[in-house]
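Q: Here is my input, please return the structure:
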Amino acid sequence: MRAVVQRVSEASVEVEGRTVGKIGPGYLVLLGIGRDDTEQAADLIADRIIGMRVFADAEGKMNLALEAVGGQLLIVSQFTLFADTNKGRRPSFVAAAPPDLARPLYEHFVAHCRAKKIGVATGDFGANMQIKLICDGPVTIVLDSSQAPI
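A: Have a look, this model is predicted:
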């Protein structure tokens with residue numbers, strides 16, 4: 001599982017001109033699910049995101065986690081995070097989980113975050129989405145469950 005996490009002042013996602021998810025300060029999470037991913041990987045990545053301390057404390061140091069600042073999550077599915085660009089000019093997405101495998105893991109990830117009492121908004125899985133965000137910092141972190149002990 002791969003996540004690109006951007007600290008934002010605000011973010012929203014639209015589908016066919018209609019806002020389906022919107023947050024204030026927090027993280028925009030672009031979530032890619034691979035063919036071999038599990039609920040355990042989803043929980044690991046979710047907990048790492050929620051616990052990351054990249055918000056400024058009173059001294060201006062990145063020392064506070066999402067909960068400490070009342071932050072929210074906007075979680076958007078992003079299969080292209082598993083693009084293989086090693087051959088040719090058109091990326092291959094064979095490492096990405098197909099929708100019938102990815103959707104339940106995406107929904108599990110979202111439910112896990114909500115169970116932690118974090119405000120969560122989402123995109124529309126599989127839809128063509130337009131994302132608007134105001135990056136804060138900018139701070140962008142990439143997480144990959146294959147690079148972390150589970």
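Q: where along the protein do the helices fall?
A: Assigned by DSSP state H, the chain shows helices spanning 39-51, 99-115.
Q: Next, the buried residues of the shortest one.
A: Think helix 39-51. Buried residues in helix 39-51, counted by 16 or more other C-beta atoms under 10 Å: 41-46, 49-50. Every residue, glycine included, has its C-beta placed from N, CA and C.
Q: repeat for the longest one
A: Residues 102, 105-106, 108-110, 112-113 are the ones in helix 99-115 that count as buried (16+ other C-beta under 10 Å).
Q: Just want the angle from that helix to helix 39-51.
A: Taking axes from the mean of the first three to the mean of the last three C-alpha atoms, to 10 degrees, one finds helix 99-115 and helix 39-51 inclined to each other by 40 degrees.
Q: neighbours of Arg89, just the number please.
A: 5 (other C-beta atoms under 10 Å).
Q: what sits against it?
A: Going by C-beta atoms under 8 Å, 6 or more residues apart in numbering, Arg89 touches no other residue.
Q: again with the one 5 residues further on
A: Applying C-beta under 8 Å, 6+ apart, we find Val94 in contact with 35, 84.
Q: And for the one 4 residues further on?
A: Taking C-beta under 8 Å, 6+ apart as the contact definition, Pro98 lies against Arg35.
Q: That one and Gly60: what is the separation?
A: Distance, Pro98 to Gly60, using C-beta to C-beta, to the nearest Å: 45 Å.
Q: now do Leu105
A: 37 Å.
Q: Check Val142 too.
A: 24 Å.
Q: who has more neighbours, the two?
A: Val142 (11 against 7).
Q: Distance check, that one against Gly32.
A: 10 Å.
Q: Common neighbours of the two, please.
A: 2-3.
Q: Dead centre of this protein: give me the residue that sits there.
A: Val29 (2.2 Å; C-alpha atoms, centre = their mean).
Q: Can you pull out the low-pLDDT segments for the protein?
A: The chain contains residues with pLDDT under 70 at 148-150.
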